[in-house]
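Peer 1: The following block contains a protein sequence and its predicted model.
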Amino acid sequence: MKLPRILSLLSILAVTSAFAANQTVSLPDADAIKAKLQNSIGVKVIAMQDSPIKDLYLAMTDRGILYISKDGSKVLHGNMYDLNNRMKNLTEAAMAKPRVEQLKKFEPDMLVYKAKDEKHVITVFTDITCGYCRKLHNQMQEYNDDGITVRYLAFPRAGVPSSVASEMEAIWCAKDPLKAMTDAKAGKDVTNKSCNANIAQQYELGQSFGVNGTPAIVLDDGTLIPGYQPPEQLLKTIENH
């Protein structure tokens, strides 16, 4: 091949490369995406990381998990499953460890029904007006006898502020909160008291975990179990994890 032709080809390649470089789209950084989610749909991003799908972020927000494209243009809500691993719920797996870490901050606010021979610890987001929450509470001794310590956090389904949230604050502020909870779930009136019970923060924590109903049970490994499970069934569920 003659030298002029070689130079001509090199020139074309150089121009093409330069054009391609000029066409490269710079992706927004993580902070810009967080701000866009806040401004566009009103969610606060607690943490963000790469998802199992290339070019897709996993964002843990105050309203649960969202997936967002790395160019910040598309957002998805829902669970991601692994077809090659027995339909493992990848979204739930990603949430487990952050839940455990965040629960530690709320341990001083928990109402704890401790098992004498403790083998497992669960955290239950509860509402005093919820039928299945009352059923779970009525079986508290059975859970404890199975070695399961039950810790309560408040999740008033009516939201905050609400009359239910105020009643739950009165429970947390009572002289004997455990008895006050038992009375409230039996339909008895609880003396109206107020204090810094962090009911709103407990409710917001539940929302960030993806809680949308009560009872919602968080196992000690961070797995979220939606809904009521009787003592024997719950023990099997825990042991399977």
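Peer 2: Happy to help now that I have it. Every value quoted in this text rests on a predicted model; they were computed, and no experiment measured them.

Peer 1: any idea how far the spatially most central residue of the chain is from Val100?
Peer 2: In the chain, the residue lying closest to the centroid (Cα atoms, centre = their mean) is Phe209, at 1.4 Å. From Phe209 across to Val100, the span is 11 Å (Cβ to Cβ, to the nearest Å). Heads up, the C-betas are built off the backbone N, CA and C, glycines and all.

Peer 1: Mind checking what secondary structure the nearest residue to Leu76 once chain neighbours are set aside has?
Peer 2: Excluding the flanking residues, the one nearest Leu76 by Cβ to Cβ, 6 or more residues apart in numbering is Tyr67, at 4.2 Å. Under DSSP: H, G, I helix; E, B strand; the rest coil, Tyr67 falls in the strand class.

Peer 1: what is Tyr67 paired to in the beta sheet?
Peer 2: Following DSSP bridges, Tyr67 is listed with bridge partners Leu58, Leu76.

Peer 1: thinking again about what came up before, residues contacting the residue nearest to the centre of the chain?
Peer 2: By Cβ atoms under 8 Å, 6 or more residues apart in numbering, Phe209 lies in contact with Gly64, Met95, Arg99, Gln102, Phe125, Ala216, Val218, Leu224.

Peer 1: Is it correct that the third one falls within a helix?
Peer 2: When you say that, I think you mean Arg99. Yes - counting by three-state DSSP, Arg99 is found in a helix.

Peer 1: what about it, neighbour count?
Peer 2: By the criterion of other Cβ atoms under 10 Å, Arg99 has 21 neighbours.

Peer 1: Next one, pLDDT for Ala47 please.
Peer 2: Note on Ala47: pLDDT of 86.

Peer 1: Can I take it that it is in a strand?
Peer 2: Yes - under three-state DSSP, Ala47 falls within a strand.

Peer 1: With adjacent residues omitted, what lies nearest to it?
Peer 2: Met60 (4.6 Å).

Peer 1: Just the C-alphas of the helix or strand hosting that neighbour, formatted as PDB.
Peer 2: Assigned by DSSP states H and E, Met60 belongs to strand 56-61. Coordinates of each C-alpha in strand 56-61 appear next as PDB, following Å, rounded to 0.1, in the frame of the first residue of the first chain:
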ATOM      1  CA  LEU A  56     -28.800   0.400  36.700                       C
ATOM      2  CA  TYR A  57     -28.500   1.800  40.200                       C
ATOM      3  CA  LEU A  58     -30.300   0.400  43.300                       C
ATOM      4  CA  ALA A  59     -31.500   3.300  45.400                       C
ATOM      5  CA  MET A  60     -32.700   2.700  49.000                       C
ATOM      6  CA  THR A  61     -35.100   5.500  49.700                       C
END
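
Peer 1: Check which helices and strands that strand is in contact with.
Peer 2: helix 30-41, strand 45-50, strand 64-69, helix 90-105 (3 or more Cβ pairs under 8 Å, 6 or more residues apart in numbering; DSSP states H and E).

Peer 1: ok so, going back, gap between the residue nearest to Leu76 and Met80?
Peer 2: For Tyr67, the distance to Met80 - Cβ to Cβ - is 7 Å.

Peer 1: Need the residues touching each of these two.
Peer 2: With Cβ under 8 Å, 6+ apart as the test, Tyr67 and Met80 both reach Ser51, Ile53.
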